[in-house]
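Participant: Here's my sequence, what's the structure:
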Amino acid sequence: MIKKTSRRKYLTSIGVATSAVLAGCSSGDGGSESNQEMGERVPPVRVDYASDLAGLTEKSEATLPLLEQALNELGMEIESQPVSFSNWLDRQFNDERVCHLNISNYANNPDRLDPDEFTFNYAASLAGANGQLNWANYANCEVQGLAEEQRSETDPEARRESVYEAHSLASEDIATIPLVTGSGFGAYNENEVEPGPIGPAGISNTATHTLIQTTASDGPVIGNTTPATVETNVHLRFGGPTPLVPWSTLVYSPLFTYNEEYEFIEILAESSSVSEDGLSIEISLRDATFHNGEPVTSEDVQWTFNYLSSNSDVFPRFPDLPIDTIDAPDESTVVFRLSEPFAPLLTRVVPEWGILPKQHFIDNGAEENPGNFSLDSIIGSGPYAVSEFSQGSSLLLEPHDGHPVYSPESQLSLISYSDSQGAARAFENGELNWLQTVSSTLAERVDENLDSAVIETIEKPSSFLLWPQYSWGPSKHRAFRMAVSQAINRERINQTTALGQSEPTLYSTNMSPVHPFYPGDENLTQCADSASSNVETAVNVLEEAGFTFDGDGNLHYPADADLSPRWPEGDEPADYPDQFPCLS
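Facilitator: The predicted structure is shown next:
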């Protein structure tokens, strides 16, 4: 359902520009001659946002009035379209041509600290009506080539250069309109909890490196989690990253992970080496034990990744990988042999999956029925053993003393809450002492209502942003994208969505400066002169591209503008190899 927002004109902001247009082509009929020389009027700009995604919904609704003001000042109307999360994704990833701008952000899952997803979000092969994750339906063959190149680069510095160049080209196109750096909030009760090291990752559902090292003065550390986390004790079938992380890092342990500073570190792995051709990756293991006392061996690592790979149709988070074989030449060495180089294997894929005890999973029917088996008991490789799992309710954990890296001191209870408001109330009432991932509004309320609350800001490696749709509508025009970006008041968005704790982002990219692969401002295109609204610059951008304003201040396309979509609705760039030869 489309919710039409009332239109406001800010003609004083564009008065100079409008006067200049009318002075050159005025007539006695109040500008009709001028209108005849103009292109079509730009239609109302449709803006999608998720209506049921807690913090993002709140941020989106706080941003809409400021976006409306920016568009009004440029002679355009806005139609906001709140839709369910699932529909919101379907509309974007199938290029359904129902919106021109999508308000979005990224969840803070650790695998995104590798640059692969952020870079492939611009890949032409993922654009169009194919269900793939190209948020802007952006298509550029040079960027496609660089996105593929960074996956196969065996030299880390060469890979970084490919990533930078891909983002530089997408930035020049204003493929993304960033607003402010991504942020979130968490809290702990300083009377009950001594936190582990807190860095940019803050206190969040995915900052488990900090949580593991947190201790409670009396009793367990008690934190909130999402209902999805406790849907089942077979976490492999989770479709989203947020519920997967606690299982993969607390109950099980990965070979590698990222710490509170977003640095890549070894956990069950002691070291790794990649062959010069990138086709062989050798990993040496630390001495570690499962919760039943059995050693974690290379055979368990081998089985874990072979099992995930051979059942990727059942386990949606596991990608298709060019794995030929996984060898276990001895108990502490694992060798991945690839059919082609795939740089994100170590830094994106492996950190997302904790190592499983091979025999225990086989005994519970994992191989015969991967889509529908259950575990009679949970035996993990992580720093905590499960003392009680209550499906749909909670996960109670106790320290495991056979872990090679972590030595947690306190028990840990993760309690399911259907929304962050309920979790915030529980924290205020003393039912929780560790509050993970809440909105700015709730963080402010908690800070006011509980003297012992310490609020920590999450600095995400991504931005809170607009995805302009590249495939159709006014948003397919670069001048439109740049003008909208210039007209937005990022200072106010920072105050209304992040308590002023974010940073306005003035360079077009989906990464924030804390991302390990942030290209640097020098490699990006500046899409806003300043954090305030730059309407005069926005008007100049439009006029230089041939857009005009009529006597009522309404924006019109250039008279010779090509208003056809880049490819027909229902198709994808790959259907047009003449236009996109990189996809042939």
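Participant: how's this structure carved up into domains?
Facilitator: 3-181+462-578, 191-451 (automatic domain parsing).
Participant: Make CSV out of those and add distance to residue 584 and mean pLDDT.
Facilitator: Where C-beta positions appear, they are placed from N, C-alpha and C, glycine not excepted. Converted to CSV, those look like this (distance: least, CB to CB, whole Å; pLDDT from 0 to 100):
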stretch, distance to residue 584, mean pLDDT
domain 3-181+462-578, 4, 89
domain 191-451, 19, 96
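Participant: export those to JSON lines and tack on mean neighbour count?
Facilitator: As requested, these are arranged in JSON lines below (neighbours: other CB atoms under 10 Å):
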{"stretch": "domain 3-181+462-578", "mean neighbour count": "20"}
{"stretch": "domain 191-451", "mean neighbour count": "19"}
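Participant: Spatially nearest residue to residue 273, not counting backbone neighbours?
Facilitator: residue 282 (5.1 Å; CB to CB, 6 or more residues apart in numbering).
Participant: And that neighbour, how far from residue 474?
Facilitator: The spacing between residue 282 and residue 474, counted by CB to CB, to the nearest Å, is 52 Å.
Participant: same question, residue 436
Facilitator: Residue 436 is 39 Å from residue 474, by CB to CB.
Participant: And the residue nearest the centre of this structure?
Facilitator: residue 106 (2.0 Å; CA atoms, centre = their mean).
Participant: Could you find the closest non-adjacent residue to it?
Facilitator: residue 462 (3.8 Å).
Participant: Identify the residues contacting that neighbour.
Facilitator: Contact analysis of residue 462 by CB atoms under 8 Å, 6 or more residues apart in numbering lists 105, 106, 108, 112, 118, 182, 510, 511, 512, 515.
Participant: Identify those among those residues that sit within strands.
Facilitator: Cross-referencing the contacts of residue 462 against strands under DSSP state E gives residue 182.
Participant: And residue 50, its phi and psi?
Facilitator: For residue 50, the backbone dihedrals are phi -80, psi 130 (criterion: degrees, to the nearest 10).
Participant: Use 16 as the first number from now on
Facilitator: Yes, from this point I'll number from 16; that puts the last item at residue 65.
Participant: doesn't residue 75 make contact with it?
Facilitator: Yes - contact criterion CB atoms under 8 Å: residue 65 and residue 75 qualify, at 7.1 Å.
Participant: what do those two both touch?
Facilitator: residue 97.
Participant: On the three-state scheme, residue 233 is what?
Facilitator: coil (DSSP: H, G, I helix; E, B strand; the rest coil).
Participant: Go ahead and list the helix or strand containing the closest residue in space to residue 379 that isn't next to it in sequence.
Facilitator: Nearest residue to residue 379, sequence neighbours excluded (CB to CB, 6+ apart): residue 390, at 5.2 Å. According to DSSP states H and E, residue 390 maps onto no helix or strand at all.
Participant: related to what we said a few turns ago, touching, the residue nearest to the centre of the chain and residue 527? I think so.
Facilitator: No - judged on CB under 8 Å, residue 121 makes no contact with residue 527 at a distance of 9.6 Å.
Participant: Now do the shared contacts for those two.
Facilitator: In contact with both residue 121 and residue 527: 197, 475, 476, 477, using CB under 8 Å, 6+ apart.
Participant: These: which two are farthest apart?
Facilitator: Greatest spatial distance in the shared contacts of residue 121 and residue 527: 197 and 476, 7.4 Å, computed using CB to CB.
Participant: any common contacting residues for the two?
Facilitator: With CB under 8 Å, 6+ apart, residue 197 and residue 476 have common neighbours 121, 123, 527.
Participant: Could you dump those into a markdown table with distance to residue 111 added?
Facilitator: Shown next, in a markdown table, are these (distance: CB to CB, whole Å):
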| residue | distance to residue 111 |
| --- | --- |
| 121 | 21 |
| 123 | 28 |
| 527 | 29 |
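Participant: Now flag whichever of these is closest to residue 60.
Facilitator: The closest of those, once distances to residue 60 are taken by CB to CB, is residue 121, at 23.2 Å.
Participant: Report all helices and strands that the helix or strand hosting residue 558 contacts.
Facilitator: Per DSSP H and E, residue 558 falls inside helix 550-559. Applying 3 or more CB pairs under 8 Å, 6 or more residues apart in numbering; DSSP states H and E, one finds that helix 550-559 makes contact with helix 26-39, helix 69-88, helix 493-502.
Participant: what angle sits between the longest one and helix 550-559?
Facilitator: Our comparison of helix 69-88 with helix 550-559, counting by axes from the mean of the first three to the mean of the last three CA atoms, to 10 degrees, yields an angle of 70 degrees.
Participant: Quick one: list the elements packing against helix 69-88.
Facilitator: So helix 69-88, by 3+ CB pairs under 8 Å, 6+ apart, packs with strand 60-65, strand 93-98, strand 116-119, helix 493-502, helix 505-513, helix 550-559.
Participant: could the ones you listed be laid out in TSV, adding distance to residue 414?
Facilitator: Shown next, in TSV, are the helices and strands packed on helix 69-88 (distance: least, CB to CB, whole Å):
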stretch	distance to residue 414
strand 60-65	38
strand 93-98	44
strand 116-119	38
helix 493-502	49
helix 505-513	35
helix 550-559	56
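Participant: Any idea which of these gets closest to residue 274?
Facilitator: Per CB to CB, nearest to residue 274 of those: helix 505-513, 23.6 Å.
Participant: what's the closest one in contact with?
Facilitator: Contacts for helix 505-513 (CB under 8 Å, 6+ apart): 73-74, 77-78, 81, 194-195, 198, 455, 479, 515-521, 543, 546-547.
Participant: biggest strand in the protein by residues?
Facilitator: From DSSP E, the single longest strand across the chain is strand 468-483.
Participant: tell me how far that one is from the chain's mean position?
Facilitator: Computed by CA atoms, centre = their mean, to the nearest Å, the chain-centroid distance of strand 468-483 equals 10 Å.
Participant: Could you do stretch 435-447 as well?
Facilitator: 26 Å.
Participant: show me where the stretch 216-365 of the chain has helices.
Facilitator: Per DSSP state H, counting those that start in this stretch, the stretch 216-365 of the chain carries helices over the ranges 223-227, 256-261, 313-325, 359.
Participant: Just send these back as a markdown table, with distance to residue 273 too.
Facilitator: Shown next, in a markdown table, are these (distance: least, CB to CB, whole Å):
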| stretch | distance to residue 273 |
| --- | --- |
| helix 223-227 | 7 |
| helix 256-261 | 11 |
| helix 313-325 | 19 |
| helix 359 | 14 |
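Participant: These: which one's closest to residue 369?
Facilitator: Nearest to residue 369, of these and by CB to CB, is helix 313-325 at 8.1 Å.
Participant: now for the closest one, which elements pack on it?
Facilitator: So helix 313-325, by 3+ CB pairs under 8 Å, 6+ apart, packs with strand 295-300, strand 338-345, strand 348-353, helix 373-378.
Participant: quick one, the second one and helix 313-325 angle?
Facilitator: In other words, strand 338-345. Using the same axes, to 10 degrees: strand 338-345 against helix 313-325 is 170 degrees.
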